[in-house]
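Student: test case, fold it:
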Amino acid sequence: MWGLTQASQMSQGDSHTGENPFQCDLRDERCSFYADYDHHHHNNYHCHCLKNLHYVHPSQTGVSVTCQAFSVDYAARPYRRADVEPSPSLGYSSVGAGVAVVVALLMAFIAEHNLPFSLVDHLVDLMKIMFPDSAIAQGINMHKTKCTEIMKAMANVMNEDLLKKLRMYKFSVIIDETTDLSCTKTCAVLVRFFDLTNRKINTSFYTLFNLYSSSSVGSTGQNLYDMLMESLDNCNIPRSNFIGFAADGASNIMGENNSLTSRLRENLKGITIFRCICHSIHLAASEAAKVLPRKCEDLVRNIYSFFSHSAKRRYEQKEFQEFCNVKPHKILHPCQTRWLSLYQAVARILEQWQALKLYFIEKESELRLHSVQSILEHMRDPSKCTKYFKIRV
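Tutor: Below is the predicted model:
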């Protein structure tokens with residue numbers, strides 16, 4: 001309960017200015033409250049917790065106290081117990097507990113949205129300005145160094161909780177290889193299991209293998225199998241709980257012989273192997289698209305390249321889109337690493353076909369570029385490309 005403990009009584013009738021200290025009962029004892037009395041019956045109240053309090057003076061009906069370092073007068077209103085208790089909506093047993101919860105939520109938000117830790121240096125100060133009447137906001141003291149350490153501690157706790165569940169429950173493993181911006185090839189490992197605690201299927205990040213390190217070289221089936229089994233053994237996770245595996249169709253992972261899955265089938269009897277269906281569909285569509293003439297895909301890429309790095313050309317294109325009454329959509333790029341992106345790029349070209357044709361007809365004489373002439377040559381002869389585009393692969 002919030003309250004004020006009177007440390008010393010001011011004698012009645014005392015006309016000189018004196019200091020009358022009080023203690024603000026915050027449970028964690030991090031806040032001090034005091035009042036400066038003078039003979040004009042005006043008080044200066046100061047409290048670091050910035051919490052509204054109430055104190056009953058022996059000779060007055062009531063004193064309205066605001067812990068925000070500004071002067072207030074005596075309030076002619078009766079004393080109420082609710083004035084010295086925290087709002088029930090807070091839901092915290094103390095300010096310290098509230099600060100801990102807010103810090104944990106803030107760390108989770110930063111991690112979820114991949115925000116820089118340096119953001120905390122400014123965000124905490126902003127929260128104190130935005131919520132001056134909140135004891136919890138004023139109690140947060142954290143910068144990027146402390147944020148980093150708290151994040152590491154939370155990660156260790158969450159990882160240990162995950163390992164405990166993997167030792168108890170059956171689980172499946174999902175892996176995928178990737179190369180980051182620093183040209184470091186890694187293998188991400190996820191686990192999926194049914195959590196009896198919240199009674200739902202969870203998919204969690206397990207670990208990240210560096211495929212080219214002092215202990216391992218390359219992404220061969222043998223190397224991937226050794227790293228995966230060694231990780232489970234080091235974490236004391238029973239191999240018998242490993243009942244499922246899923247990955248893309250790479251030969252080193254899904255090959256019939258000398259692959260990761262061939263070793264899993266040999267050493268983990270009864271394991272279920274899943275090949276990524278989306279990856280398989282993409283490969284089938286890519287093979288089917290090879291029957292199309294090469295110039296069809298070249299036309300899509302050339303149109304995208306013509307507009308991709310010029311704000312002026314995109315602005316000029318909008319005029320032709322308005323004239324042809326088509327939506328002001330951008331030209332899409334058929335990316336090799338994005339599944340089935342060629343379909344979306346072709347569909348966008350067909351949508352903008354008339355506007356694009358009029359645009360390049362005007363630019364042919366103005367720019368005299370080989371790229372414009374090449375694009376317009378294909379667009380003027382529908383038999384070269386449009387009959388293939390209607391397939392919309």
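
Student: pLDDT weak spots in the stretch 1-150 of the chain?
Tutor: Along the stretch 1-150 of the chain, segments meeting pLDDT under 70 span 1-91.

Student: next, the buried residues of stretch 331-343.
Tutor: Within stretch 331-343, the residues that count as buried by 16 or more other C-beta atoms under 10 Å are 331-334, 342-343. In short, each C-beta sits where N, CA and C put it, glycine included.

Student: name the residues that touch it?
Tutor: Stretch 331-343 has contacts (C-beta atoms under 8 Å, 6 or more residues apart in numbering) with 278-279, 281-282, 285, 289, 297, 300-301, 303-304, 307-308, 344-346, 348-349, 352, 392-393.

Student: make a markdown table out of the buried residues of stretch 331-343 and add pLDDT and secondary structure.
Tutor: A markdown table is the format used below for these (pLDDT from 0 to 100; DSSP: H, G, I helix; E, B strand; the rest coil):
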| residue | pLDDT | secondary structure |
| --- | --- | --- |
| Ile331 | 91 | coil |
| Leu332 | 91 | coil |
| His333 | 88 | coil |
| Pro334 | 83 | coil |
| Leu342 | 81 | helix |
| Tyr343 | 83 | helix |
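
Student: farthest pair in those residues?
Tutor: Ile331 and Tyr343 (14.4 Å; C-beta to C-beta).

Student: which parts of the stretch 201-350 of the chain are helices?
Tutor: For the stretch 201-350 of the chain, the helices defined by DSSP state H, counting those that start in this stretch occupy 221-234, 251-254, 260-267, 277-289, 294-308, 311-323, 341-351.

Student: which of those sits closest to Val372?
Tutor: Comparison of the helices of the stretch 201-350 of the chain against Val372 by C-beta to C-beta identifies helix 294-308 as nearest, at 7.4 Å.

Student: that closest one: how far from the chain's middle?
Tutor: Centre-to-centre, helix 294-308 and its host chain are 34 Å apart (C-alpha atoms, centre = their mean, to the nearest Å).

Student: could you chop the protein up by domain?
Tutor: Domain assignment for the chain by automatic domain parsing gives 4-85, 95-159, 170-275, 289-389.

Student: state the number of residues packed around the residue lying closest to Val189 once chain neighbours are set aside.
Tutor: Take Val189 and drop its neighbours on the chain: the residue closest to it by C-beta to C-beta, 6 or more residues apart in numbering is Tyr206, 4.5 Å away. Close neighbours of Tyr206, defined as other C-beta atoms under 10 Å, add up to 22.

Student: residues contacting Tyr206?
Tutor: Going by C-beta under 8 Å, 6+ apart, the list of residues near Tyr206 reads 162, 166, 173, 189-191, 231.

Student: was I right to think Tyr169 contacts Val191?
Tutor: No - taking C-beta atoms under 8 Å as the definition, Tyr169 is not a contact partner of Val191, at 9.6 Å.

Student: the more surrounded of the two?
Tutor: More crowded of Tyr169 and Val191, by other C-beta under 10 Å: Val191, with 22 against 15.

Student: for the residue nearest the centre of the chain, what are phi and psi?
Tutor: Central residue of the chain (C-alpha atoms, centre = their mean): His113, 2.0 Å from the mean position. Here is the backbone geometry of His113 (degrees, to the nearest 10): phi -100, psi 10.

Student: please apply the same query to the one 4 residues further on.
Tutor: Torsion angles at Phe117 (phi, psi; degrees, to the nearest 10) stand at phi -70, psi -30.

Student: neighbours of it, how many?
Tutor: 17.

Student: and if you look at Arg368?
Tutor: Arg368 has 9 nearby residues by other C-beta under 10 Å.

Student: I'd like to know how far it sits from Ser305.
Tutor: Here the criterion is C-beta to C-beta, to the nearest Å. By it, Arg368 lies 18 Å from Ser305.

Student: likewise Ile277?
Tutor: According to C-beta to C-beta, Ile277 and Ser305 sit 32 Å apart.

Student: could you do His113 as well?
Tutor: For His113, the distance to Ser305 equals 33 Å [C-beta to C-beta].

Student: ok, now Tyr225?
Tutor: Tyr225 is 43 Å from Ser305, by C-beta to C-beta.

Student: and the two? which has more neighbours close in?
Tutor: More crowded of Tyr225 and Ser305, by other C-beta under 10 Å: Tyr225, with 19 against 14.

Student: what's the burial count for the residue lying closest to the more buried one once chain neighbours are set aside?
Tutor: Closest residue to Tyr225 apart from its sequence neighbours, by C-beta to C-beta, 6+ apart: Arg263 at 4.4 Å. Neighbourhood size, Arg263 [other C-beta under 10 Å]: 17.

Student: Arg263 reaches Thr220, doesn't it?
Tutor: No - counting by C-beta under 8 Å, Arg263 stays clear of Thr220, with 10.7 Å between them.

Student: circling back: now a ChimeraX select for only the buried ones of the contacts of stretch 331-343.
Tutor: In ChimeraX syntax, the buried subset of these is picked out as below (16+ other C-beta under 10 Å):
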select :279,282,289,297,300,303,304,307,345,346,348,349,352,393
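
Student: end-to-end on stretch 235-252?
Tutor: 25 Å (C-alpha to C-alpha, to the nearest Å).

Student: what lies in contact with it?
Tutor: 163, 166-167, 169-177, 192, 219-221, 224, 229, 232-233, 253-254, 259-261, 264, 267-268, 270-276, 279-280, 283.

Student: average pLDDT for that stretch?
Tutor: In this model, stretch 235-252 carries a mean pLDDT of 92.
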